[in-house]
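Trainee: here are the coordinates; sequence isn't available:
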C-alpha cells in the first residue's frame, strides 16, 4: 500500500529537520562524530538545494526557448509576427 504525500508537506518536514540539525550542531563539541555528521548532512542539503535551483533554471530556459505549438504564431498571441504588436488602425499600416 502506497501513501501519496503532498510536496509541501515534504518540504515542511525537511525544513523542520534542518532546523533541528542546526540546533543540535550548536550543542555538539566541535570535531565530535555527531558534529561532523551533522555538518556533512547540512552540506549535502545545501548542495541539493543548489542542484534543485539549477534544474529549475534549466527547465525555465527550456520552456522559454521551445518552438511554438500548432496554431500559435511566433509573433506572440496578438502580434502575428508584425512589428507593432497588432492590427493597424485606420489610416496606418504596419511596419
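Mentor: Done, it's in. In this text the structure is predicted, and so the values were computed from the model without any measurement.
Trainee: Look at residue 4 and give its secondary structure.
Mentor: Three-state call for residue 4 (DSSP: H, G, I helix; E, B strand; the rest coil): coil.
Trainee: ok, now residue 56?
Mentor: Secondary structure for residue 56, judged by three-state DSSP, is helix.
Trainee: What is the burial count for it?
Mentor: 10 (other Cβ atoms under 10 Å). Placement of C-beta: from N, CA and C, glycine included.
Trainee: State the distance from it to residue 50.
Mentor: Distance, residue 56 to residue 50, using Cβ to Cβ, to the nearest Å: 11 Å.
Trainee: again with residue 33
Mentor: 26 Å.
Trainee: And for residue 65?
Mentor: Noted for residue 65: a distance of 23 Å to residue 50, by Cβ to Cβ.
Trainee: so where's this structure shaky on pLDDT?
Mentor: Across the chain, the ranges flagged by pLDDT under 70 are 1-2, 5, 64, 66-95.
Trainee: mind running it again at 90?
Mentor: Where the chain drops to pLDDT under 90, the residues are 1-18, 45-46, 48-95.
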